[in-house]
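Undergrad: next one to model:
(one chain, ligands or ions: 1)
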Amino acid sequence: MSEADDLLRWFDAERRDLPWRRSRDPYRIWLSEVMLQQTRVETARPYFERFVERFPTVDALAAAEIEPVLGLWSGLGYYRRARQLHAAAREIVAGGGGFPSTTEELLKLPGIGPYTAAAVASIAFGQVVPVLDGNVERVMSRHLALELDPKKSAGRRRLTAAAATLLDPTRPGDSNQALMELGATICKPRAPRCDECPLTPGCRALATGAPESYPFMAARRKQVRQRHVCVVASNGTRILLFRRPDDSELLAGIWEIPWVPAESSSRPELRLEETYGGSWSLGRHLGRVRHSITYRALEIDVVLGEVDAAGSLGEGREAGWFTLDEIAGLPSSSLVGKILRRAGKV
Ligand code: SF4
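TA: As a prediction, this is how the structure comes out:
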């Protein structure tokens, strides 16, 4: 038996029952792959189920406005993914030729990179192409005991070629999913369970006695700590939120409770006025919340505040006063929930 056979036999016995694995529908497979970028399986699962219930086909997604799409994405983070998914759905439907079935065609769509294209083409359409996600990178780096950075082109070429040798040409999608599953459940970053792994006989990292020392680690981008002040302004039952501009680097189009960097050189009231308009006065400090966005580790002081709008509120961006129920239905980051809890609003 070849290693490719061993891998598939293991997958057939051990595969997790996940909602996107119950069909070969390319739309569902694509959606799941997009959601699973930067998001854990257990977190993504309920989002996926709600999303396909509301938008069961690519046509349904293409016909929707962006607001409800972002609303269903609220809390998953990396909202650019949802915008690109929506834009790509519109391109697919406008093209009129059905769902693209090859990596070459899929790569032309917004937000679809080599990994997603290979995953959709192999799982939904049986194209014999290897995928290389973080899990596969780790498994193959260990299997080869590769002394190259998997993020650089030489390392990627070696890993892609090695992953291709593990593809069963009659079931390439399952072979790819098997490698991803192996990385997610057995060949984990810490304490890989090599005694349960179907690739044990040929694994060079295991033979070195130190499988955890692979993949080769390049220096990571350092986390940057940032302090902010966030202002909860309410007019009785409603709370003031702003919508971030569509071209924001972070959280584009997402509703937020006003917040500004805490800088010793500038009073927060002035930064609030510059960013959101109006004239601000700050009240009681309610506590601090921590939140991470990509490499930024944010410490956010939550304070009560009041704003005198005087007609200038929300200059350049949408603003609104919302009840808690309405906020729950807005596209917003999980940071909004953290701030409202700290403020004792929920
Ligand atoms: S034998 Fe161990 S290190 Fe090698 S691929 Fe399997 S789980 Fe990973």
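Undergrad: doesn't His86 make contact with Gly111?
TA: No: between Gly111 and His86 there is no contact under C-beta atoms under 8 Å: 9.3 Å. C-beta coordinates here come from the backbone N, C-alpha and C atoms, glycine included.
Undergrad: of those two, who's got more company?
TA: His86 (21 against 17; other C-beta atoms under 10 Å).
Undergrad: ok, that one - contacts?
TA: Applying C-beta atoms under 8 Å, 6 or more residues apart in numbering to His86 gives the contacts 61-62, 64, 66, 69.
Undergrad: I'd guessed Leu167 sits against Asp5; true?
TA: No: here Leu167 lies out of contact with Asp5, judged by C-beta under 8 Å, at a distance of 11.5 Å.
Undergrad: are any of the contacts of His86 buried, and which?
TA: Applying a neighbour-count criterion of 16 or more other C-beta atoms under 10 Å, the buried members of the contacts of His86 are 61-62, 64, 69.
Undergrad: so which of those are in helices?
TA: Under the assignment DSSP state H, the buried ones among the contacts of His86 contribute 61-62, 69 to helices.
Undergrad: what residues does this protein have near the ligand?
TA: Taking C-beta under 6 Å from any ligand atom as the contact definition, the chain meets the ligand at 139, 142-143, 186-187, 192, 194, 197, 199-200, 203, 205-206, 211.
Undergrad: picking up where we left off before, ok, which pair from the buried ones among the contacts of His86 is furthest apart?
TA: Greatest spatial distance in the buried ones among the contacts of His86: Ala62 and Val69, 10.3 Å, computed using C-beta to C-beta.
Undergrad: so which strand or helix has Leu286?
TA: Using DSSP states H and E, Leu286 maps to strand 279-293.
Undergrad: and the next helix-or-strand element following that strand, what does it pack onto?
TA: Going down the chain from strand 279-293, the next helix or strand is strand 296-308, by DSSP H and E. Contact partners of strand 296-308 among helices and strands, from 3 or more C-beta pairs under 8 Å, 6 or more residues apart in numbering; DSSP states H and E: strand 224-232, helix 268-276, strand 279-293, helix 334-342.
Undergrad: enumerate the positions of the second one that are buried.
TA: If I follow you right, that is helix 268-276. Neighbour-count burial for helix 268-276 flags 268-269, 271-273, 275-276 (criterion: 16+ other C-beta under 10 Å).
Undergrad: repeat for the third one
TA: Across strand 279-293, burial judged by 16+ other C-beta under 10 Å covers 280, 282, 286, 289, 291.
Undergrad: equivalent analysis for the first one, please.
TA: Neighbour-count burial for strand 224-232 flags 228-232 (criterion: 16+ other C-beta under 10 Å).
Undergrad: can you list those in CSV and add distance to Leu304?
TA: Output for the buried residues of strand 224-232, formatted as CSV (distance: C-beta to C-beta, whole Å):
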residue, distance to Leu304
His228, 16
Val229, 11
Cys230, 11
Val231, 7
Val232, 6
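Undergrad: report the angle between the axes of the lowest-mean-pLDDT helix or strand in the chain and strand 224-232?
TA: Least confident element among the helices and strands of the chain, by mean pLDDT, DSSP states H and E: helix 268-276 (a mean of 89). Angle, helix 268-276 to strand 224-232, by axes from the mean of the first three to the mean of the last three C-alpha atoms, to 10 degrees: 90 degrees.
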